[in-house]
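Undergrad: quick one: sequence and predicted model below, then my questions.
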Amino acid sequence: MNADGRRWGDSEKSARFSHARELAEQGRNFDGVAFLSTGINRFGAKARGFGRVGFGFERIRHVVEFLAMNVYELKAKQGRALGFHRNQVCPPCTYKAALCALAGGFGFMTTQSLNYTSGALDCEGFLAYDETQSGPRPGVLIAHAWKGVTDVEKGRAVQLAERGYVAFALDLYGRGNAPETLDEALAGIGMLKSNRALWRERAGDGLKTLQEQSQVDVSKIAAIGFCLGGGTALELARSGADLRGVVTFHGSLDTPTPEDAKNIKGRVLVLHGASDPRVPLSAVVELCEEMTNAGVPFEVVLYGQTKHGFTNPEAGTDTSKPNFYSADADKRSFAAMLAFFGEIFQQ
C-alpha cells in the first residue's frame, strides 16, 4: 500500500522491487529475503480463494511492511550516526538489510501515474520521489524507449528517487497509444523523426510537467533517455530547454539540424555500445563533431562487446542479436550517470 492509501498495482510492485533486485545482484547479502513480501503477495493472492488462508497471508504481508518501516527508521538513524548515505546498507545484517529495502518500497516512496496534455494528446507519465525528504531537489526527466512507459522506465524512476531525485517518465505516445508491435513502433518513431518540432514539443511538455512538481528544484534538471528516448533527450536539449545535462543510453543520436546544438545549455554524456549495429560508431562520431562545432561540453563512454539495448533486461542475453542485455554495461552506465549528476548538480 502506498503513502496515499492506494494498493500497489502489479507494475508498481515490479518497479518497487527492481532496486532491491539490483542490490541483491550486486551482492549486498539479501539472500532472497528482500523478496519475502513479494512472495507473500503472490501466495496470498492465490490463497484468497481458500478463505481464511488468504486472509492470514494478507495479515502477514501487513506485518512485514510494518516491520520494514520501523527497521528502516532505525537503519536511517544508525546510518546518519555512522556517516552512511540513507540508501547504503549499514550494519552487515542480512535480514535487516532486506527489511530496509522493503521499507523503501512500501513506506516512504511516492509513485503515481501523472496525467498531462501535450497539444491535443492526453499523456500518462510516471512520477517517483522520496516523501521523507524536505525541500526542492534535482529533477530527472526520463524519456522512454520504443515501447513507451513500461516497467523498465518506472523501475529507473524508482531507482533515481531512492537516490534523492524527483524522477518523471514522460509519455511521447499518449495514453493507450503505446505500440504493441515492432511495426507500430517503427511507424511512431518515424513520425517523430520526420517532425522534429512535434518531437520537441512533446518532450518539452513532459519537462514542463516535471518542473511543475513542488518537490523539484527547477534550476537543477537533467534529461536521460534510452534508445528512442536518448534522441528525445537530445532533441529537447537542442531546442534550448533549461537542462543541466543530458544522458543517452544506447540512444538515437542523429539530427537533420546539427547547427541547433548551439542551443544546448548543459553538458552531454553519451553511454553507448561499441558494437551497436542500430546506432553505429559513425553516428557517435557525427555527434562528437556536432557537439565540438557548437562548443558543447560532452563526454562519450563506449562499452566494448556491447550492442544496442544493453540496459534492458527484456532484450535477453543472446549476443548474436542486435539488441542484448549486458549486466556489466548496465551497472557501469548507471554509475557513470550518477557520477555525472554529482558533477552537474553541484555547479
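TA: Perfect, I can see it now.
Undergrad: going forward, measure contacts between C-alpha atoms and count neighbours the same way
TA: Fine.
Undergrad: tell me the confidence at the closest residue to Glu314 other than its chain neighbours?
TA: Spatially, and ignoring its direct neighbours in sequence, Glu314 is nearest to Tyr325 (7.4 Å; CA to CA, 6 or more residues apart in numbering). We have a pLDDT of 97 for Tyr325.
Undergrad: now the residue lying closest to Ala261 once chain neighbours are set aside: phi and psi?
TA: Excluding its sequence neighbours, the residue lying closest to Ala261 (CA to CA, 6+ apart) is Arg238, at 5.1 Å. Note on Arg238: its backbone torsions stand at phi -70, psi -20 [degrees, to the nearest 10].
Undergrad: measure Arg238 to Arg200 for me?
TA: 9 Å (CA to CA, to the nearest Å).
Undergrad: quick one on the thing from earlier: was I right about the residue nearest to Glu314 contacting Asp276?
TA: No - counting by CA atoms under 8 Å, Tyr325 does not reach Asp276; the two are 12.0 Å apart.
Undergrad: can you tell me which residues contact the closest residue to Pro313 other than its chain neighbours?
TA: Of all residues not flanking Pro313 in the chain, Tyr325 sits nearest, at 5.3 Å (CA to CA, 6+ apart). Counting by CA atoms under 8 Å, 6 or more residues apart in numbering, Tyr325 makes contact with Gly309, Phe310, Thr311, Asn312, Pro313, Glu314, Ala315, Gly316, Thr317.
Undergrad: got a list of what the fourth one touches?
TA: Looking back up the chat, that one is Asn312. Applying CA under 8 Å, 6+ apart, the residues contacting Asn312 are Val152, Phe324, Tyr325.
Undergrad: what strand or helix carries the last one?
TA: Read it as Tyr325. Following DSSP states H and E, there is no helix or strand that holds Tyr325.
Undergrad: dihedrals phi and psi, it?
TA: Torsion angles, degrees, to the nearest 10, at Tyr325: phi -80, psi 140.
Undergrad: how about His144?
TA: The phi/psi pair for His144 (degrees, to the nearest 10) reads phi -80, psi 160.
Undergrad: can you give me the distance of it to Thr150?
TA: Between His144 and Thr150 the computed distance is 8 Å (CA to CA).
Undergrad: who has more neighbours, these two?
TA: His144 (27 against 16; other CA atoms under 10 Å).
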